[in-house]
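Engineer: Show me how the following folds:
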Amino acid sequence: MYRVIYTQRAKIELQNSYNYIYFNLANPIAAHKFKTNIIKTISNLEYFPYMGKKVSNSNLRFIRFKNYLIFYSINNQNVEIQRIFHNRQNFKNIINK
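Structural biologist: Residues are numbered from 1 along each chain as shown. The predicted structure follows:
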């Protein structure tokens, strides 16, 4: 079994998405459901770390959760969650920075 760890940046992006749903969309129930379910989806990587699609020319992989892309890398027995993007964001430009 692999251990899932979040980078600080991924934690912030997850919290920002939660806050957007909670405050901007004024839907606290949906925000809590979103956070619970995305974390549950990410936890599947503990058992299936190679289930995500590989990003070409990179050591990154990604999985989808609804309208979100979750980028991660595998190092030893750790799955490191690197970034969490809404699919409307231009992640190709952001991820290369």
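Engineer: Name the residues of stretch 62-79 that come out as buried.
Structural biologist: Phe62, Ile63, Phe65, Tyr68, Leu69, Ile70, Phe71, Tyr72, Ser73, Ile74, Val79 (16 or more other CB atoms under 10 Å). No exception for glycine: its C-beta is placed from N, CA and C like everyone else's.
Engineer: would the fifth one count as being in a strand?
Structural biologist: Looking back up the chat, that one is Leu69. Yes - the assignment for Leu69 by DSSP: H, G, I helix; E, B strand; the rest coil puts it in a strand.
Engineer: Roughly how far does it sit from Ser17?
Structural biologist: 12 Å (CB to CB, to the nearest Å).
Engineer: any idea which residue sits dead centre in this structure?
Structural biologist: Ile70 (3.0 Å; CA atoms, centre = their mean).
Engineer: That one contacts Ile84, doesn't it?
Structural biologist: Yes - taking CB atoms under 8 Å as the definition, Ile70 is a contact partner of Ile84 at 5.4 Å.
Engineer: Need the residues touching each of these two.
Structural biologist: Ile38 (CB atoms under 8 Å, 6 or more residues apart in numbering).
Engineer: how about the helix or strand encompassing Ile81: buried residues?
Structural biologist: Using DSSP states H and E, Ile81 sits in strand 78-86. Neighbour counts over strand 78-86 (16+ other CB under 10 Å) mark Val79, Glu80, Ile81, Gln82, Arg83, Ile84, Phe85 as buried.
Engineer: Looking at those residues, spot the one nearest Asn27.
Structural biologist: Ile84 (18.7 Å; CB to CB).
Engineer: Quick one, grab the pLDDT at the closest one.
Structural biologist: Predicted confidence (pLDDT) for Ile84: 96.
Engineer: all strands for this structure, in order.
Structural biologist: Secondary structure of the chain (DSSP state E): strands at 3-6, 53-54, 61-65, 68-75, 78-86.
Engineer: With distance to Glu13 as extra columns, can I get those strands in a markdown table?
Structural biologist: Listed next are the strands of the chain as a markdown table, based on distance: least, CB to CB, whole Å:
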| stretch | distance to Glu13 |
| --- | --- |
| strand 3-6 | 9 |
| strand 53-54 | 19 |
| strand 61-65 | 13 |
| strand 68-75 | 9 |
| strand 78-86 | 4 |
